[in-house]
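S.K.: could you look at this predicted model? Sequence included:
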Amino acid sequence: MSIKSSQTLVEEALKKIETLNTSEVKDLIEKKEITLIDVRDIREIWKEGTIADAKHIPRGMLEFWLDPESSYYKANKIKEIKKMVLFCAAGFRSALATKSLLDMGFKNVANAEGGFEALKNSGMKVVQKEKK
């Protein structure tokens, strides 16, 4: 049996989605035109922190939380969002997540190139999240 590799899936997604570099992300944040969505696992966020003002929607729940017909729908997660820019640790999971949202019919979504590492290294403010 031959399967597509995860790398192939990411490469295919990157051809179909919008990807923003850190300068573009910072510029759009300053203009208040985007909402950052951290799709990493909560344990990653507890360990490393997240970008200030980013919303957390775990990758495994993304489609369910954003689907109005899902029993898991969380309308409060996307109120007043102009454009969603997703990030994970390095940009691979968020590339797949961005493509999934496009497949669902969302238009205003993009992936942050390089993920959390790139955003953090570009000087964006990192905040710690406490375990609840």
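M.R.: Perfect, I can see it now. Quick caveat, the model's predicted, so the values are computed rather than measured.

S.K.: from here on, contacts and neighbour counts on C-alpha atoms
M.R.: Fine.

S.K.: which residue lies nearest the spatial centre of the chain?
M.R.: For the chain, the residue nearest the mean C-alpha position is residue 86 (1.8 Å; CA atoms, centre = their mean).

S.K.: you'd agree it is in a helix?
M.R.: No - counting by DSSP: H, G, I helix; E, B strand; the rest coil, residue 86 is not part of a helix but strand.

S.K.: show the contacting residues for residue 39.
M.R.: Taking CA atoms under 8 Å, 6 or more residues apart in numbering, we find residue 39 in contact with 56, 57, 58, 59, 62, 86, 87, 88, 93, 94.

S.K.: again, but for residue 124
M.R.: Contacts of residue 124 by CA under 8 Å, 6+ apart are 26, 51, 52.

S.K.: now do residue 50
M.R.: By CA under 8 Å, 6+ apart, the neighbours of residue 50 are 38, 116, 126, 127, 128, 129.

S.K.: now swap in residue 129 and tell me
M.R.: 45, 46, 49, 50.

S.K.: among the residues you listed, name the buried ones.
M.R.: Buried members of the contacts of residue 129, counted by 16 or more other CA atoms under 10 Å: 45, 49, 50.

S.K.: burial count for residue 1?
M.R.: Residues lying near residue 1 (other CA atoms under 10 Å) number 2.

S.K.: now it: how far from residue 12?
M.R.: 21 Å (CA to CA, to the nearest Å).

S.K.: pLDDT check: weakest of the contacts of residue 50?
M.R.: Lowest pLDDT within the contacts of residue 50 is found at residue 129 (88).

S.K.: show me the contacts for residue 4.
M.R.: Residue 4 neighbours (CA under 8 Å, 6+ apart): none.
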